[in-house]
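1. Just the structure for this:
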Amino acid sequence: KHPLLDARLPDGSRANATFDYATPFGHSLTIRKFTRIPVSIINLIENHTLTSHAAAFLWVMVEGMNVEPMNIIITGGSSSGKTTLLDALSVFIRYSERIITIEDTLELDLGSRQNWIQMESKPKIKDTEEVSMDDLLKNALRMRPDRVIVGEVRGPEAQTLFAAMDIGHRGILGTLHSNNAKEMLVRLRSAPMNVPEMMLPLLNLIIVTKRVHHEGGINRRIAQIAEVTHMESQVLLGNVFELDPKTERV
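-> Numbers count the residues shown, from 1 in each chain. Predicted structure coming up:
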């Protein structure tokens with residue numbers, strides 16, 4: 001009755017399993033293991049994922065000079081480094097701030113922070129009640145958070161997220177699957193997210209990650225950092241940083 005399983009193992013690895021009802025030629029088991037020591041922003045600079053200049057800019061945007069942190073969504077294709085970058089950027093949040101993270105399966109690792117609450121959605125199985133990302137986000141807004149971080153925005157929770165920005169929550173961070181900043185805005189407008197056009201400028205920055213293939217393997221790069229603005233009812237995008245195809249540096 002339930003041929004698909006998405007779960008978390010005791011060591012934090014993600015597991016996905018299927019019965020042959022869904023995979024006709026046999027059962028399957030996929031395990032995604034994560035490094036025990038999270039990748040830092042220094043590691044990303046050393047790996048040429050971004051330059052120190054871009055990292056300094058993002059530091060100011062995330063921290064907000066203790067005045068006005070920016071609302072930021074990281075977007076990109078599958079396994080392009082979105083969650084790794086989100087983890088690294090979370091270091092720029094002040095330790096005094098109360099953080100609530102919301103995920104389908106726990107992946108974020110904010111280290112030894114004490115004022116951090118992790119929330120995880122649960123599917124409906126047998127007699128158990130479903131706890132959706134939207135349910136968790138609505139509840140999180142009642143918990144007096146200084147920061148809300150959403151592991152992956154993909155459904156109706158997008159409307160709640162933008163409503164939170166609209167009522168004054170600042171410094172919201174999240175990830176979303178898409179290939180570039182324009183495509184991400186299209187996805188936000190479309191079902192099942194259905195974010196109203198007039199609310200899109202509440203988002204300040206879009207960071208686009210991508211996988212770059214080389215003879216030696218795969219590298220992950222930040223391809224674009226775009227500012228979201230508006231003129232009357234039209235949403236505008238302006239590149240603050242973009243990938244140089246010659247140097248492959250942003």
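2. C-alpha from now on. contacts and neighbour counts both.
-> Fine.
3. my read is residue 87 is in a helix, agree?
-> Yes - counting by DSSP: H, G, I helix; E, B strand; the rest coil, residue 87 falls inside a helix.
4. and it, what does it touch?
-> Contacts here follow C-alpha atoms under 8 Å, 6 or more residues apart in numbering; on that basis residue 87 touches 38-40, 108-110.
5. Where does the prediction get shaky in this structure?
-> Across the chain, not a single residue meets the criterion (pLDDT under 70).
6. check contacts around residue 96.
-> Neighbour list for residue 96: residue 115 [criterion: C-alpha under 8 Å, 6+ apart].
7. what's the spacing between it and residue 248?
-> 36 Å (C-alpha to C-alpha, to the nearest Å).
8. still on that earlier bit, can you select the buried ones from the contacts of residue 87 in PyMOL?
-> Here is the PyMOL command that picks out the buried ones among the contacts of residue 87, judged by 16 or more other C-alpha atoms under 10 Å:
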select buried, resi 40+108+109+110
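9. For the contacts of residue 87, name the two members farthest from one another.
-> Farthest-apart pair in the contacts of residue 87 is 40 and 108; separation 12.6 Å (C-alpha to C-alpha).
10. So residue 187, which state does it fall into?
-> When classified by three-state DSSP, residue 187 comes out as helix.
11. That one against residue 193, yeah?
-> Yes - with contact defined as C-alpha atoms under 8 Å, residue 187 counts as touching residue 193 (7.3 Å).
12. and for the longest helix belonging to the chain, what are the contacting residues?
-> Taking DSSP state H as the criterion, the chain has its longest helix at helix 52-63. Here helix 52-63 makes contact (C-alpha under 8 Å, 6+ apart) with 41, 45, 69-72, 89-90, 92-94, 171, 241, 250.
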